[in-house]
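S.K.: here you go, sequence then predicted model.
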Amino acid sequence: MAGTPSQLPDRWRLLTALIGGTAATAGSFAYAGLTPAFVGEPASAFVVDTTPGIVITTVLETLGPLAQPVSFALALAVITALLSATALLALEIEVTLERQYVAVPATALGVWLVTAGLTGSTTGSLAAAVPAAAAVGIVEFASANDPLSVRRDRTPDRRKRATLQAGFGTLSLSGLAYVAGRRRTPDSSVPYLDGGVDAPLAERRLLREADRESFDLPDAPGLVSRIGEFYTIDINTIDPIVESATWELSITGAVATERTIDYDELRERPAERFFSTLRCVGEGLNDREMDTAVWTGVPLADVLEEVGPEGEYAVAHATDGFWNTITREELERSYLVYGMNGRVLPREHGHPVRLLVPGNWGEVNVKWLTEIELTDEDRDGYWEERGWDGTGEVRTVAKLWSVDHHDDGTATVGGHAYAGRRGIDRVEVSSDGGETWTDAELGPEFDAPDVWRQWRHTVDLADEPREVVVRAVDGEGNLQPETESEPVPDGSSGWVSRVIEP
Ligand SMILES: Nc1nc2c(c(=O)[nH]1)N[C@H]1C(S)=C(S)[C@@H](COP(=O)(O)O)O[C@H]1N2
Ligand SMILES: [Mo]
């Protein structure tokens, strides 16, 4: 073994490979932040996807808010191990070939291949490959023979020093990489729910599930809409700024005992996370004022138990002067929501707490919630005073949002269908203006009471424009009504139809 100057003994090779793997992960994060180009992302997805639900539940119960950092650390360990193994392979190749420094380009190539294969980002993968190769190169170079020395082999001391230096160097660069990567992470203005670098584990699991199961429809959202793309509608030109530290909700009026609850108390209560779709009653038939998020919130039923509601109606009031009335039954199946897609509820969506009534029109989901007033009177809400009638259950709708032309003269049309808590059973498509109908392919039905489904269907255009019409059948077997109506006063209705040019 001592015969070849480039050979590092096993232990040092292993250490060198570990340093290289760490440098690769750090470099990738510095370049990409928490985006799909970061090599930790597919690893984290792998960890979340392959851990059985029962294990996740147990981990969540025992670790609580620590579950996310722990699972993320696990993902980083998995990916660093894989990249280190790649560097080790490069070092083994060097030994086999007995060629000094072969491990440097071999590490670069190997790490680049693995990273590009996992992330699909060829340039981003350089950010992993270069630091890994540099780290391996530094250890090798620094522990190589002193050219002025008469000793044939490297001294163990020299090796130790070189490895230590490279190790500490990589560690401190990892610190810098962390700072750089955090800055490159998009959306960092809206923090994650438990702080940290990613969504809490329970939310992340649902987000992953949605990601995995989504049809990729051009010009249409996936199963979960991104924050920033999720529609926002309210009466304000400038949204209220409400700090969570000063936020309070009072439950007043016809109750056994009035009660006030602050943000910290709310966060300490058992919460649920769930998919739910919002749709504005003022939305045009094929417009997009309909989106879905993973919401985190406390079931109101739990809180109501402590106040003993007596009134048959509840008026929800907000900081911006908006208000809305729902029935007690609706209130009892609502949530006090403080999280959206694993992040703190963004300002535009009602920070810090909004009401969420699954299945009803968007307007009842009062943002910047301040008070819930129980009463026996069915008082008009803000929009009801202005001629709308949009507080009840949503109407059924099937959107045609996406048209994807293929080279063979066909096109895949698709979109989202939504019927509130009734669910979507079927989506039917006609490519001859409504003469004949076929069932569209449907996306998965999630275990959630109020969430849209995606649909898609390929039509043969045969060089002619086609009138494509789409309609949904809800989970109770009701066909979406054909009669067209404007949004005012209680939501648009009718079948969406679009002429698709070849
Ligand atoms: N406080 C307050 N809450 C509100 C509104 C508002 O103007 N003020 N608009 C409502 C309407 S009409 C809709 S459709 C939904 C939209 O929620 P989003 O902006 O989070 O998508 O919020 C509802 N909640
Ligand atoms: Mo709305």
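M.R.: That came through fine. Numbering: from 1, shown residues only. Ligands and ions are numbered 1, 2, ... in the order given.
S.K.: list the contacts of residue 354.
M.R.: Neighbouring residues of residue 354 by CB atoms under 8 Å, 6 or more residues apart in numbering: 336, 337, 345, 365, 366, 367, 368, 369. Quick note: C-beta positions are derived from backbone N, CA and C, even for glycine.
S.K.: any chance of TSV for the residues you listed, columns pLDDT, neighbour count and distance to residue 380?
M.R.: Converted to TSV, the contacts of residue 354 look like this (pLDDT from 0 to 100; neighbours: other CB atoms under 10 Å; distance: CB to CB, whole Å):
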residue	pLDDT	neighbour count	distance to residue 380
336	98	21	24
337	98	28	24
345	97	26	27
365	98	25	17
366	98	29	14
367	97	27	19
368	97	25	20
369	98	23	19
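S.K.: could I get these as a markdown table with secondary structure?
M.R.: Formatted as a markdown table, those follow (DSSP: H, G, I helix; E, B strand; the rest coil):
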| residue | secondary structure |
| --- | --- |
| 336 | strand |
| 337 | strand |
| 345 | coil |
| 365 | coil |
| 366 | coil |
| 367 | coil |
| 368 | coil |
| 369 | strand |
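S.K.: out of those residues, which touch ligand 1?
M.R.: Filtering the contacts of residue 354 for proximity to ligand 1 by CB under 6 Å from any ligand atom leaves 365, 366, 367, 368.
S.K.: which one of those sits closest to ligand 2?
M.R.: Ligand 2 lies nearest to residue 365 out of those, by CB to the ion, at 8.6 Å.
S.K.: identify the residue nearest the closest one in space, chain neighbours excluded?
M.R.: Excluding the flanking residues, the one nearest residue 365 by CB to CB, 6 or more residues apart in numbering is residue 356, at 5.2 Å.
S.K.: quickly note the distance from the one you found to residue 202.
M.R.: Using CB to CB, to the nearest Å, we find residue 356 at a distance of 17 Å from residue 202.
S.K.: any chance you could map the strands in the stretch 301-450 of the chain?
M.R.: Residue ranges of the strands in the stretch 301-450 of the chain, as given by DSSP state E, counting those that start in this stretch, are 313-318, 323-327, 335-340, 343-344, 354-356, 369-375, 397-398, 402-405, 410-418, 424-430, 438-439, 441-442.
S.K.: which among the ones you listed is found nearest to residue 265?
M.R.: Residue 265 lies closest to strand 335-340 among these, at 10.6 Å (CB to CB).
S.K.: residues contacting the closest one, please?
M.R.: 193, 203, 227, 230, 244, 249, 263, 266-267, 271-273, 293-300, 303, 344-346, 349-350, 352-356, 358, 369.
S.K.: of those, keep whichever come out buried.
M.R.: 193, 203, 227, 230, 244, 249, 263, 266-267, 271, 273, 293-300, 303, 344-346, 349-350, 352-356, 358, 369 (16 or more other CB atoms under 10 Å).
S.K.: and the residues you listed near ligand 2, which?
M.R.: By CB under 5 Å from the ion, no member of those lies near ligand 2.
S.K.: number of nearby residues for the residue in the chain that ligand 2 sits nearest to?
M.R.: Ligand 2 sits closest to residue 280 of the chain, with a gap of 3.2 Å, by CB to the ion. Residue 280 has 22 neighbouring residues, counting by other CB atoms under 10 Å.
S.K.: contacting residues for it?
M.R.: When contacts are counted by CB under 8 Å, 6+ apart, residue 280 touches 231, 233, 289, 290, 361, 362, 363.
S.K.: phi first, then psi, for the closest residue to ligand 1 within the stretch 101-250 of the chain.
M.R.: Nearest residue of the stretch 101-250 of the chain to ligand 1: residue 234, at 3.0 Å (CB to the nearest ligand atom). Main-chain dihedrals, residue 234, degrees, to the nearest 10: phi -160, psi 180.
S.K.: OK, contacts around it?
M.R.: Neighbouring residues of residue 234 by CB under 8 Å, 6+ apart: 320, 322, 367.
S.K.: am I right that the first one is in contact with residue 238?
M.R.: No - the criterion here is CB atoms under 8 Å, and residue 320 misses it with residue 238 at 9.5 Å.
S.K.: ok, these two, which is more surrounded?
M.R.: Using other CB under 10 Å as the criterion, residue 320 and residue 238 rank with residue 320 on top: 19 against 6.
S.K.: interface residues of the stretch 351-500 of the chain facing ligand 2?
M.R.: 362, 363.
S.K.: which residues of the stretch 351-500 of the chain score low on pLDDT?
M.R.: By pLDDT under 70, the stretch 351-500 of the chain contains no weakly predicted segment.
S.K.: spatially nearest residue to the one residue in it that gets nearest to ligand 1, not counting backbone neighbours?
M.R.: Distance from ligand 1 to each residue of the stretch 351-500 of the chain (CB to the nearest ligand atom) is smallest for residue 362, at 2.6 Å. Nearest non-adjacent residue to residue 362, counting by CB to CB, 6+ apart: residue 280, 4.2 Å away.
S.K.: and the pLDDT at the one you found?
M.R.: Here the pLDDT value assigned to residue 280 is 96.
S.K.: before we move on, what about the one 10 residues further on?
M.R.: At residue 290 the predicted local distance difference test score is 98.
S.K.: around ligand 1, pick out the residues from the chain.
M.R.: Counting by CB under 6 Å from any ligand atom, the chain sits next to ligand 1 at 230-235, 278, 280, 318, 320, 322, 349, 362-363, 365-368.
S.K.: cutoff 8 Å now
M.R.: Proximity of the chain to ligand 1, by CB under 8 Å from any ligand atom, involves residues 230-236, 240, 278-282, 289, 291, 318-322, 324, 348-350, 354, 361-369, 382-383, 390.
S.K.: ok so, going back, now, among the contacts of residue 354, which is nearest to residue 431?
M.R.: residue 365 (36.2 Å).
S.K.: what residues are up against that closest one?
M.R.: Taking CB under 8 Å, 6+ apart as the definition, contacts of residue 365 comprise 278, 354, 355, 356, 357.
S.K.: what of residue 490?
M.R.: Applying CB under 8 Å, 6+ apart, the residues contacting residue 490 are 281, 388, 389, 390, 392, 395.
S.K.: separate out the buried members of these.
M.R.: Among the contacts of residue 490, those classed as buried by 16+ other CB under 10 Å are 281, 388, 390, 392, 395.
S.K.: what about residue 488, how many residues nearby?
M.R.: Residues near residue 488, counting by other CB under 10 Å: 14.
S.K.: report how many residues lie close to residue 168.
M.R.: Residue 168: 11 neighbours (other CB under 10 Å).
S.K.: any idea of the mean pLDDT in stretch 259-274?
M.R.: Mean predicted confidence for stretch 259-274 is 96.
S.K.: scratch that, stretch 174-183 is what I was asking about
M.R.: Mean pLDDT, computed over stretch 174-183, is 88.
S.K.: secondary structure element holding residue 44?
M.R.: helix 40-50 (DSSP states H and E).
S.K.: helices or strands up against that helix?
M.R.: Judged by 3 or more CB pairs under 8 Å, 6 or more residues apart in numbering; DSSP states H and E, helix 40-50 is in contact with helix 10-32, helix 67-97, helix 103-119, helix 201-213.
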